[in-house]
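**Student:** Generate a structure from the sequence data that follows.
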Amino acid sequence: MATMRADEGQLFGAAADGGDSCRSLLRLRLDQWTEGKLRSWQGLEQQPVNHPEVKQTGFQVGPHAYLGFGPLDGRGGTKLAGKRTAIAAGDFTVLRMALDGQRNAGLAEREAPRLATALVLMNHYGTLGGRSRNGWGSFSLVPADDATPIIDAALDPSLVRPWREALALDWPHAIGRDASGPLIWQTEACQDWKTVMRHLAEIKIGLRTLFKFTTGKGARQPESRHWLSYPVTNHSVSSWGNARLPNSLRFKVRPCADGKLRGLIFHVPCLPPDTATARFRPDRAAIEDVWQRVHTFLDQQPATTLTRTSV
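**Tutor:** A predicted model of the protein is given here:
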């Protein structure tokens with residue numbers, strides 16, 4: 001961790017009390033910083049999906065509201081919460097990046113391949129903003145000139161790790177793999193993002209409801225579903241309090257070459273932390289069982305066809 005922080009300081013700059021302060025080697029410029037112009041969700045969410053646990057709405061939920069709870073308000077029809085705005089599909093801006101080779105040529109040469117890898121990961125798996133783990137804020141990178149499109153490069157094998165081994169660390173650092181390959185699934189190609197998000201909502205509802213609760217608020221011990229993500233509405237764990245456990249299964253909407261779109265599901269496994277501020281006391285055997293069941297569900301997922309992909 002100390003080495004990573006030192007490398008981070010050299011690349012992005014550091015303000016230190018001692019003599020280790022330095023300017024950033026990386027320069028970034030974004031063409032525009034305008035707010036999103038989408039101010040209404042009227043007409044975007046067309047049909048609800050089934051949710052076997054939501055009795056009060058006739059077991060129906062809006063897929064966009066389900067995946068976007070918080071930024072989206074599902075009460076009385078899906079709408080943007082409060083005075084929020086969103087970036088509309090198809091919006092774009094230009095990001096420029098440069099390494100200051102004149103200041104430190106050796107360091108710039110060392111960091112260039114790492115930045116190239118970061119761009120590949122951003123293009124294949126990157127999302128931004130509220131509920132980005134659920135696929136919102138998906139983006140793709142397009143070279144602004146005739147330079148070699150490194151953003152389409154294959155996934156570096158060093159960034160894929162057997163998923164059980166990845167549980168040795170409590171922070172996301174690699175995409176998991178099993179005997180069948182990387183834990184990356186994709187939906188069939190869809191005509192628009194609304195259809196993709198509907199499929200992803202159906203999949204998430206399906207994998208979450210694999211695990212049935214036997215307790216309600218203030219459970220003395222976590223149940224299997226708590227290990228997916230926490231908190232869970234009406235199903236708290238007394239010893240966890242207000243701690244937050246993000247889901248390590250992530251979604252993205254990705255464009256196809258023919259202009260259609262696919263949903264991407266990928267697992268970045270890591271062990272829940274056990275720190276002074278997040279005392280999850282992870283049960284390794286229980287966590288492995290949960291994620292094995294999730295992987296099996298995705299391999300056999302009946303609601304919409306999923307296939308494994310290597311990138």
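
**Student:** Can you tell me how far the spatially most central residue of the chain is from Asp283?
**Tutor:** Most central in the chain under C-alpha atoms, centre = their mean is Arg133, positioned 3.0 Å from the mean C-alpha point. Distance from Arg133 to Asp283, counting by C-beta to C-beta, to the nearest Å: 23 Å. Bear in mind the C-beta positions are built from the backbone N, C-alpha and C, glycine included.

**Student:** again with Phe266
**Tutor:** Phe266 sits 24 Å away from Asp283, going by C-beta to C-beta.

**Student:** Neighbour count: these two, which is higher?
**Tutor:** More neighbours surround Phe266 than the other of Phe266 and Asp283, with 20 against 15 (other C-beta atoms under 10 Å).

**Student:** before we move on, back to that, identify the residues contacting the residue nearest to the centre of the chain.
**Tutor:** Residues in contact with Arg133 (C-beta atoms under 8 Å, 6 or more residues apart in numbering) are Thr127, Pro246, Asn247, Arg250, Phe251.

**Student:** got the residue ranges for the helices in this structure?
**Tutor:** Ranges of helices in the chain, per DSSP state H, are 2-12, 63-67, 105-125, 163-166, 193-208, 284-299.

**Student:** Most tightly packed of those helices?
**Tutor:** Among the helices of the chain, helix 63-67 has the highest mean neighbour count (mean count of other C-beta atoms under 10 Å), at a mean of 23.

**Student:** So which elements touch that helix?
**Tutor:** Applying 3 or more C-beta pairs under 8 Å, 6 or more residues apart in numbering; DSSP states H and E, one finds that helix 63-67 makes contact with strand 72-73, helix 193-208.

**Student:** OK, contacts around the closest residue to Val61 other than its chain neighbours?
**Tutor:** Nearest residue to Val61, sequence neighbours excluded (C-beta to C-beta, 6 or more residues apart in numbering): His51, at 4.6 Å. His51 sits next to Phe59, Gln60, Val61, Tyr66, Ile205, Thr209 when contact means C-beta under 8 Å, 6+ apart.

**Student:** Identify the bridge partners of Gln186.
**Tutor:** Using DSSP bridges, the beta-bridge partners of Gln186 come out as Leu264, Thr307.

**Student:** That one - how many residues pack around it?
**Tutor:** A count of nearby residues for Gln186, using other C-beta under 10 Å, gives 19.

**Student:** got a list of what Ser40 touches?
**Tutor:** Residues counted as contacts of Ser40 (C-beta under 8 Å, 6+ apart) are Lys79, Leu80.

**Student:** count of neighbours near Lys260?
**Tutor:** For Lys260, the count of nearby residues is 14 (other C-beta under 10 Å).

**Student:** list the contacts for it?
**Tutor:** Going by C-beta under 8 Å, 6+ apart, Lys260 touches Ala189, Cys190, Gln191.

**Student:** Look up how far Thr214 lies from the second one.
**Tutor:** Taking C-beta to C-beta as the criterion, Cys190 is separated from Thr214 by 37 Å.

**Student:** In terms of neighbours, single out the busier of these two.
**Tutor:** Ranked by neighbour count (other C-beta under 10 Å), Cys190 and Thr214 place Cys190 first, with 19 against 7.

**Student:** hey, what's the more buried one bridged with?
**Tutor:** As for beta bridges, Cys190 partners with Leu261 under DSSP bridges.

**Student:** Let me have the contacts of Lys260 in CSV, adding distance to Cys270 as columns.
**Tutor:** Shown next, in CSV, are the contacts of Lys260 (distance: C-beta to C-beta, whole Å):
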residue, distance to Cys270
Ala189, 31
Cys190, 30
Gln191, 35
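
**Student:** Which of those lies at the shortest distance from Ala219?
**Tutor:** Cys190 (38.3 Å; C-beta to C-beta).

**Student:** hmm, back to that, just so I know, which of the helices of the chain lies nearest Ser238?
**Tutor:** For those, the distance to Ser238 is smallest for helix 284-299, at 17.3 Å, taking C-beta to C-beta.

**Student:** For that closest one, enumerate the helices and strands it packs against.
**Tutor:** Under the contact criterion of 3+ C-beta pairs under 8 Å, 6+ apart, helix 284-299 touches helix 163-166, helix 193-208, strand 261-267, strand 306-308.

**Student:** Let me know the angle separating that helix from helix 193-208.
**Tutor:** Helix 284-299 and helix 193-208 are oriented at 140 degrees to each other (axes from the mean of the first three to the mean of the last three C-alpha atoms, to 10 degrees).
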